[in-house]
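Visitor: Predicted structure and sequence below. I'll ask about it afterward.
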Protein chains: 2
Amino acid sequence: MFFVDEFEPCCVLTTPLDETEAEALAHQLKALADPVRLRIVSMVATSGTGDVCACDFPTILDRSQPTISHHLRQLVTAGILQREQRGKWAWFSLVPGALGGVRAALGEGAERSPADA
Amino acid sequence: MFFVDEFEPCCVLTTPLDETEAEALAHQLKALADPVRLRIVSMVATSGTGDVCACDFPTILDRSQPTISHHLRQLVTAGILQREQRGKWAWFSLVPGALGGVRAALGEGAERSPADA
DNA sequence: AAAACATATTGACATATTTCGATGCGTATG
DNA sequence: CATACGCATCGAAATATGTCAATATGTTTT
């Protein structure tokens, strides 16, 4: 009722975001708002094991290894992906609940306003 | 005008996005991934009537009138907001279902992958 | 039709982003 | 321990983005 949860103080549909809240959410959305990064997240989310080796991305996504590394870092920094070193390979998996948190911030579970039919 | 695609063919959690799908979703997310635009959407979504006059934004958001106009155009182009002229004022409201579509593309309703607890 | 007002567009600038080649750093293997 | 391999970082280039002042466009009122 009074506290939705620890660090999702409100959502777009319940109360007008203040500048700080808007910046935090914008940071997460920005991390997702790129075709290469979306495909990385999607590959990780749909992999049978839940994780993908960084070594797979350059070929499949047709980007250089430094470019992939750059995108992976953004996703990790934003709290979307987590990194695990296995031997000389880096494997990436979804941070549990991260995507759900973004969806919640966009109003999942909140009741619709008059115009959001 | 713009398109509100009826075809949300899949989501990030069900099948790896191809380049075209990723670009379409990235475009919508990019429209939301800015603090000023998030606050605009939030103000519209939480306004009692469901719409807000463009004239209110420059003062509240502390941005020039052209800057606000620029952000409003991006939100309309992305299919998040719709515009209605009333006399000499422009009023903006949520496109019904638009935010829900973004949430759905991010996996709302889809079953979680092994790592998405 | 002229004046007044709300919004859009243009032009310009500073910053951010995406990308890659070259290089550096760790880890494993011969 | 030297080499190869995977990934990160650096430096640089092209493009995109956020912003505002000036100006244009459109609507209402006088």
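Guide: Yep, it's here.
Visitor: Give me the phi and psi angles of the residue most central in space within chain A.
Guide: The structure's chain A has its C-alpha centroid closest to A:I80; by C-alpha atoms, centre = their mean the separation is 3.6 Å. Taking degrees, to the nearest 10, you get phi -90, psi -50 for the backbone angles of A:I80.
Visitor: Quick check: closest non-adjacent residue to it.
Guide: Nearest non-adjacent residue to A:I80, counting by C-beta to C-beta, 6 or more residues apart in numbering or on different chains: A:A98, 5.0 Å away. For glycine as for every other residue, the C-beta is placed from the backbone atoms N, C-alpha and C.
Visitor: do the same with A:S64
Guide: Using C-beta to C-beta, 6+ apart and skipping the chain neighbours, the partner closest in space to A:S64 is A:P58 (6.5 Å).
Visitor: Could you check the pLDDT of the one you found?
Guide: Note on A:P58: pLDDT of 98.
Visitor: Was I right to think it contacts A:P66?
Guide: No - under the criterion of C-beta atoms under 8 Å, A:P58 is not in contact with A:P66, lying 9.3 Å apart.
Visitor: Those two: who's more crowded?
Guide: Set A:P58 next to A:P66 and count neighbours by other C-beta atoms under 10 Å in any protein chain shown: A:P58 wins out with 15 against 9.
Visitor: roughly how far out does whichever strand or helix holds the more buried one sit from the chain middle?
Guide: Assigned by DSSP states H and E, A:P58 falls within helix A:57-61. Distance, stretch centre to chain centre, for helix A:57-61: 19 Å (C-alpha atoms, centre = their mean, to the nearest Å).
Visitor: do the same with stretch A:53-61
Guide: How far stretch A:53-61 lies from its chain's middle: 19 Å, per C-alpha atoms, centre = their mean.
Visitor: Show me which residues of it are buried.
Guide: In terms of neighbour count (16 or more other C-beta atoms under 10 Å in any protein chain shown), stretch A:53-61 has its buried residues at A:A54, A:D56, A:F57, A:L61.
Visitor: Hmm, A:V12 is touching A:A104, no?
Guide: No - the pair A:V12 / A:A104 is not scored as a contact, 9.9 Å apart, by C-beta under 8 Å.
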